[in-house]
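[1] fold the following, please.
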Amino acid sequence: MAGGGFCKLPNGSVVVAITLPSPTDGAGPGTPVRVLVHAANRARALTRLRNAGLRAVYLRGNAEPPTPDEITAVLHHPDGLLWRARPQQAQELWHPIRALLRPAVPVRRPA
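    Sure thing, here's the model as predicted:
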């Protein structure tokens with residue numbers, strides 16, 4: 001579906017990085033996002049993404065593996081599942097996946 005890659009860590013676990021079109025308006029309409037997942041293996045990483053609501057996510061090849069900074073970010077996050085908009089901006093922080101997938105709250109205006 002999109003560009004991505006993985007990196008196997010010395011302890012046997014992997015970090016998977018995938019670039020996807022934004023599934024919601026969380027990052028702005030049409031803005032691609034970079035999603036990072038830490039898991040025991042590639043299959044489990046993709047399962048974690050699918051269970052989080054990103055159903056049509058596939059990793060084919062290793063064209064865009066995670067950078068050392070991305071690996072550090074996902075390893076230090078308690079959920080091990082992060083995203084941020086691309087192109088990557090130095091001032092933008094990584095966000096938990098629930099911030100990307102949460103439904104938009106409609107604004108109620110008084111009549």
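[2] would you map the strands across the protein?
    Under the criterion DSSP state E, the chain carries strands at the ranges 4-8, 14-21, 32-39, 81-85, 95-96.
[3] which of those strands sits most buried?
    Mean neighbour count, computed with mean count of other Cβ atoms under 10 Å, is highest for strand 32-39 among the strands of the chain, reaching a mean of 23. Just so you know, the C-beta spots here come from the backbone N, C-alpha and C atoms, and that holds for glycine as well.
[4] circling back to that earlier point, of the strands of the chain, which is nearest Pro66?
    Taking Cβ to Cβ as the criterion, strand 14-21 is the member of the strands of the chain that comes nearest to Pro66, at 3.8 Å.
[5] packing partners for the closest one?
    The contact analysis (3 or more Cβ pairs under 8 Å, 6 or more residues apart in numbering; DSSP states H and E) places strand 14-21 against strand 4-8, strand 32-39, helix 42-51, helix 68-75.
[6] please redo it, this time with the cut-off set to 6 Å
    Contacts defined by 3 or more Cβ pairs under 6 Å, 6 or more residues apart in numbering; DSSP states H and E place strand 14-21 against strand 4-8, strand 32-39, helix 68-75.
[7] can you check what angle separates that strand from helix 42-51?
    If you take axes from the mean of the first three to the mean of the last three Cα atoms, to 10 degrees, strand 14-21 sits at 40 degrees to helix 42-51.
[8] so, low pLDDT: which residues of this structure?
    1-2, 22-30, 86-90, 101-111 (pLDDT under 70).
[9] what sits against the residue positioned nearest the centre of it?
    Central residue of the chain (Cα atoms, centre = their mean): Val35, 1.5 Å from the mean position. The contact partners of Val35, taken as Cβ atoms under 6 Å, 6 or more residues apart in numbering, are 18, 83.
[10] tell me what it is bridged to.
    Ile18, Trp83 (DSSP bridges).
[11] that one and Pro10, how far apart?
    Remark: distance between Val35 and Pro10 (Cβ to Cβ, to the nearest Å) = 23 Å.
[12] do Asp69 as well
    Asp69 is 18 Å from Pro10, by Cβ to Cβ.
[13] give me the contacts around stretch 72-86.
    15, 27, 31-38, 92, 94-97, 100.
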